[in-house]
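Peer 1: Below: sequence and its predicted model.
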Amino acid sequence: MASTKSGTGAGAVLCMSSVVPTLAVPAPAPTTPPVKYTLAPATTPTGLAVLQLKDFTMPSQKYKFDSTTNTSSPMQGLSVLEENVLTTLDPGEASFTGVLNPSDPGFVAVQAAYVSGLPQSFQVQLPPIAGQATTGNVYEFLAWVSENPLPMSIDAGKAITFKLSLKLCSFVTVLTGS
């Protein structure tokens with residue numbers, strides 16, 4: 001696949017694993033590097049694409065800290081040096097906006113994931129950018145569908161859109177394109 005709009009999001013795809021997790025068999029942790037899902041019309045697709053995405057924001061994974069500054073903290077000039085201890089890691093949230101197509105199998109799977117309340121395996125597959133001739137980067141993570149993806153913007157003169165919010169419960173693993 002040649003790069004046609006290098007550096008843009010055109011051609012990016014959000015995919016869910018085609019294996020539906022259960023309480024007995026939860027979704028597996030992301031692999032490092034991830035194995036790219038195959039999509040229809042492949043003979044045995046391993047993922048479902050959520051179609052007609054307009055834009056999305058990837059998660060910002062960050063550590064949280066607790067201040068341990070005290071009366072014995074070291075001085076730096078006339079100031080007390082702030083001391084911290086690492087407490088937790090927030091895996092972040094991802095959000096996606098798309099054109100509503102209620103019959104899209106990927107959208108139906110997202111709604112089922114919301115109802116199940118179980119974390120699902122997701123991938124964001126990007127198109128190749130400069131320096132990548134055949135494949136773009138793949139980002140894999142586990143997440144809950146944290147909001148019911150109902151239509152969010154209904155206007156007589158515009159396409160009906162939906163918002164998909166994902167609360168991550170894993171690190172994001174990356175497969176660098178080539």
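Peer 2: It's in.

Peer 1: and the residue nearest to residue 126 when sequence neighbours are not counted, helix, strand or coil?
Peer 2: Using Cβ to Cβ, 6 or more residues apart in numbering and skipping residues adjacent in sequence, the residue nearest residue 126 is residue 136, 3.8 Å away. For every residue, glycine as well, the C-beta is placed using N, CA and C. Reducing the assignment at residue 136 to three states with DSSP: H, G, I helix; E, B strand; the rest coil gives coil.

Peer 1: so residue 35, which of the three states?
Peer 2: coil.

Peer 1: The one 4 residues further on now?
Peer 2: Classification of residue 39 into helix, strand or coil gives coil, according to three-state DSSP.

Peer 1: Relative to residue 77, how far out is it?
Peer 2: For residue 39, the distance to residue 77 under the criterion Cβ to Cβ, to the nearest Å works out to 59 Å.

Peer 1: So which of the two has more stuff around it?
Peer 2: Using other Cβ atoms under 10 Å, the more surrounded residue of residue 39 and residue 77 is residue 39, with 16 against 6.

Peer 1: Now do the same for that one: its pLDDT.
Peer 2: Reading off the per-residue confidence, residue 39 sits at a pLDDT of 86.

Peer 1: Residue 18 is in contact with that one, correct?
Peer 2: No: Residue 39 sits out of contact with residue 18 when judged by Cβ atoms under 8 Å, with a separation of 9.2 Å.

Peer 1: Can you work out which residues contact both of those two?
Peer 2: Common contacts of residue 39 and residue 18 (Cβ atoms under 8 Å, 6 or more residues apart in numbering): 45, 47, 48.

Peer 1: Can you go through the residues you listed and name the buried ones?
Peer 2: Buried members of the shared contacts of residue 39 and residue 18, counted by 16 or more other Cβ atoms under 10 Å: 47, 48.

Peer 1: Would you mind checking which of the shared contacts of residue 39 and residue 18 is nearest to residue 140?
Peer 2: Checking those against residue 140 by Cβ to Cβ gives residue 47 as the nearest, at 10.3 Å.
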